[in-house]
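Peer 1: would you be able to build a 3D model of this:
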Amino acid sequence: MNKVFAIYPIDKSCSTSFLNRLNTFELRNLKDEWHCYKIHFSDEDHEKCLEASKDYRFVFFMGHGGETKLSGSCSKNGEMYVDPIARKENRDYYIKDTFIDSSNIGVFKKKIFFCFSCNSNRNSTKSLGRIAIQNGVLAFVGFGDIPTDYVKDVNFSKRCIAIYKGLIIKIMKHAVYLATEGNMSVSAMVKLIQILTTKEIQYLMKTKAIIRHKESIINQLVLFKNDIKIFGDRYASIC
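Peer 2: Model (predicted):
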């Protein structure tokens, strides 16, 4: 029986393809205990995804988002400004800017919602994490800023981003696997992520390999582990 329901919006315009490495790993190791719903370019498929999640306790979202919402799928020209009618008639322009927010987060009532998305850790009156608990979600786990795309004038090079993405996927794929197999609590899973991240930081600090801007990568990993926030019942078992 499947234990984990992963939600993975397909995004052709932004760099989320690296997340598929996590999906591939869990499929190989958790096998039937892992189900990943890759959402295609239609409103109907987004609704089907929400409906399909109802039989699962542990929901793992991996995609773009922020403080108040999570985004859905985006086709190759989805971020271009075009007439709304054109979007409906041509899937190449499809974008679901708002997929999960305060209006439908209640779909995940009594579930563990693990939100592997940027700035989902915010705790304000309008934050998705807080509203999720108010709407009956058992526990909501959010992350801070996760820099996975190059931004000009920011001191985090493309090479650093590539290394960083590789490390956080390595951390997350093992954490999800071990937590699922061990039926860990939400708190224990978060602690495991922090321990695995610390080990990668220690390795980087000790390695003699020449890695340009190594300190920047280490600093981002420190933020990665420290910025995880749990809303709701931290002692609930994930499966």
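Peer 1: what about the residue lying closest to His64 once chain neighbours are set aside, how many neighbours?
Peer 2: Of all residues not flanking His64 in the chain, Ser71 sits nearest, at 4.3 Å (CB to CB, 6 or more residues apart in numbering). In short, each C-beta sits where N, CA and C put it, glycine included. Neighbour count of Ser71, defined by other CB atoms under 10 Å: 21.
Peer 1: quick one: Ser71 and Phe99 touch, right?
Peer 2: Yes - at 5.7 Å, Ser71 and Phe99 qualify as touching, with contact defined as CB atoms under 8 Å.
Peer 1: find the residues that touch each one of those two.
Peer 2: Each of Pro9 lies in contact with both Ser71 and Phe99 under the rule CB atoms under 8 Å, 6 or more residues apart in numbering.
Peer 1: elements contacting the helix or strand containing Asn219?
Peer 2: Element membership for Asn219, per DSSP states H and E: helix 214-226. Under the contact criterion of 3 or more CB pairs under 8 Å, 6 or more residues apart in numbering; DSSP states H and E, helix 214-226 touches helix 158-181, helix 186-206.
Peer 1: just name the most buried of these.
Peer 2: Most buried of those by mean neighbour count (mean count of other CB atoms under 10 Å) is helix 158-181; its value is a mean of 19.
Peer 1: give me the angle between it and helix 214-226.
Peer 2: Interaxial angle of helix 158-181 relative to helix 214-226 (axes from the mean of the first three to the mean of the last three CA atoms, to 10 degrees): 30 degrees.
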